[in-house]
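*Asks:* Structure for the following, please:
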Amino acid sequence: MELELRHLKTVRAIAEAGSLTRAATALGLAQPALSAQLKRIERALGGELFDRGRHGVRATALGELVLERARFVLPAVTELQQEAVRFTHTARNAQRLRLGGTHGPLLGALVALLTDVAPEAQVTTQASWSVRELATRLTEGRLDFAVAGTCGTAAPPGAAHLTWQEIAVDPVFVMLADGHPLARHGEVRLADLTHEEWACVPGDGCFADCFTAACARAGFAPLRMYETDTASCVHLVQVGRAVGLCRATFPTTPGVTTRPLAGTPLVWRHLLGWHPAAQRADTAATVLAQARSAHAGAAARSNGYADWLALRGAAGRRARA
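*Replies:* Numbering: from 1, shown residues only. Below you'll find the model as predicted:
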């Protein structure tokens, strides 16, 4: 039997699980089948890879050697596969743009702008609430560009090997029912929302921790946070069950008033990401320019944000190349 990559993955899984039983469960195999496979691998390599004991398995000296090689070989093969996917996409699908995005108005607006400036391009979209998932799709060559964001100055996922460029930085606003007493105010102090329940869309960054910290600085802990989809957040606000957190570009919505938080305790960075090895510089520059235009349009369509920007002028919003 010749050693294959799947055999190295099996050995790694056993070492990580610490027992054949747990490894079999993780690999979706019956334990006798995994034991038989391990014996075949050991015969091919000329010795035992693990010592079996009452409390599990432990790698032998030969096993440690194999595991050490696997730590280099498996990531290298994965990277080769990803590079091949990116190369194939670049060579054969130059007129195809696969865009990903989280919740918000920018992805749809970006699609509309790109189809205007590049009508020959075949634009497709994928959505996810997880920025990490979008970064993984970029890394694996399953997306060309992703519109996402991070709280404050937090680094986006995959920053070491992906390119992330800032589209704009927005203040985080609060959503109130039109009849809420604070909806008449030009801005709302976080401390005035002490007794409210909250609604927000989910995310996998640090926003929830930053919000909790901002509330603590204002002298309270939030009573409850409903993490749900955008439509449900809006409904909870409209019926007065909660107040919501939203980006300042949140579109004008019947029954809902958006107001800035005094002192801007929370900000959101809109980002465009791509893999530099898979995209031409001119294509990335075009998509980034259109993403910034999409944000400017979304800001103009939000009455509350337009008012906030008018009061603060150009300093109220920044976007960097």
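
*Asks:* quick one, what contacts the closest residue to residue 219 other than its chain neighbours?
*Replies:* Nearest-residue entry for residue 219: residue 191, 5.9 Å, with adjacent residues in sequence omitted and distances by CB to CB, 6 or more residues apart in numbering. In short, each C-beta sits where N, CA and C put it, glycine included. If you count contacts by CB atoms under 8 Å, 6 or more residues apart in numbering, residue 191 has them with 218, 219, 220.

*Asks:* any low-confidence regions in the stretch 201-321 of the chain?
*Replies:* Scanning the stretch 201-321 of the chain with the threshold set as pLDDT under 70 gives 313-321.

*Asks:* Kindly recompute the last result at 80.
*Replies:* Segments of the stretch 201-321 of the chain classed as low confidence (criterion: pLDDT under 80) are 300-304, 306-307, 309-321.

*Asks:* Could you tell me how far the lengthiest strand in the chain lies from the centre of the chain?
*Replies:* Counting by DSSP state E, the longest strand found in the chain is strand 163-177. Average the C-alpha atoms of strand 163-177, do the same for its chain, and the two points are 15 Å apart (CA atoms, centre = their mean, to the nearest Å).

*Asks:* Give me the residues contacting the following helix or strand past it.
*Replies:* As assigned by DSSP states H and E, the chain's next helix or strand after strand 163-177 is strand 198-200. Residues lying outside strand 198-200 but in contact with it, judged by CB under 8 Å, 6+ apart, are 175, 207-208, 211, 222-228, 232-233, 236-237, 241-245.

*Asks:* if we go to 10 Å?
*Replies:* Residues lying outside strand 198-200 but in contact with it, judged by CB atoms under 10 Å, 6 or more residues apart in numbering, are 172, 174-175, 207-208, 211, 215, 222-228, 230, 232-237, 241-246.

*Asks:* Looking at these, which are in strands?
*Replies:* With strands taken from DSSP E, the overlap with the contacts of strand 198-200 comprises 172, 174, 175, 225, 226, 227, 243, 244, 245, 246.

*Asks:* What subset of the residues you listed is buried?
*Replies:* Neighbour-count burial (16 or more other CB atoms under 10 Å) is assigned, among the ones in strands among the contacts of strand 198-200, to 172, 174, 175, 243, 244, 245, 246.

*Asks:* you'd agree residue 157 is up against residue 149?
*Replies:* No - when contacts are counted by CB atoms under 10 Å, residue 157 is not listed as touching residue 149 (11.7 Å).

*Asks:* And these two? Which one has more around it.
*Replies:* A side-by-side neighbour count of residue 157 and residue 149, using other CB atoms under 10 Å, places residue 149 first with 26 against 22.

*Asks:* who's in contact with the most far-flung residue of the chain relative to its centre?
*Replies:* Largest separation from the mean C-alpha position in the chain: residue 46, at 45.0 Å (CA atoms, centre = their mean). Listed by CB under 10 Å, 6+ apart, the contact set of residue 46 reads residue 62.

*Asks:* next one: the one 3 residues further on
*Replies:* Residue 49 is in contact with 10-11, 14-15, 38-39, 41-42, 57, 59-67, counting by CB under 10 Å, 6+ apart.

*Asks:* From residue 19, how far off is it?
*Replies:* Applying CB to CB, to the nearest Å, one obtains 14 Å for the distance of residue 49 from residue 19.

*Asks:* Overlap in contacts, the two.
*Replies:* Any residue near both residue 49 and residue 19 by CB under 10 Å, 6+ apart counts here, and that gives residue 57.

*Asks:* buried ones in stretch 66-81?
*Replies:* Judged by neighbour count using 16+ other CB under 10 Å, the buried positions of stretch 66-81 are 66, 67, 70.

*Asks:* isn't residue 255 right next to residue 234, touching?
*Replies:* Yes - under the criterion of CB under 10 Å, residue 255 makes contact with residue 234 at 8.1 Å.

*Asks:* out of those two, which sits in the more crowded spot?
*Replies:* More neighbours sit around residue 234 than around the other of residue 255 and residue 234, counting by other CB under 10 Å; the figures are 19 against 13.

*Asks:* right, and the more buried one touches residue 252 too?
*Replies:* No - taking CB under 10 Å as the contact criterion, residue 234 and residue 252 are not neighbours in contact, 11.7 Å apart.

*Asks:* hang on, residue 221 packs against residue 194?
*Replies:* Yes - contact between residue 221 and residue 194 holds when scored by CB under 10 Å: they sit 9.1 Å apart.

*Asks:* With neighbour numbers in mind, choose between these two.
*Replies:* The residue with more neighbours, out of residue 221 and residue 194 and counting by other CB under 10 Å, is residue 194; that gives 14 against 9.

*Asks:* pLDDT score for that one?
*Replies:* What the model reports as pLDDT for residue 194 is 96.

*Asks:* Quick check: it touching residue 243?
*Replies:* No - shown here, residue 194 and residue 243 do not form a contact pair, counting by CB under 10 Å, at 11.2 Å.
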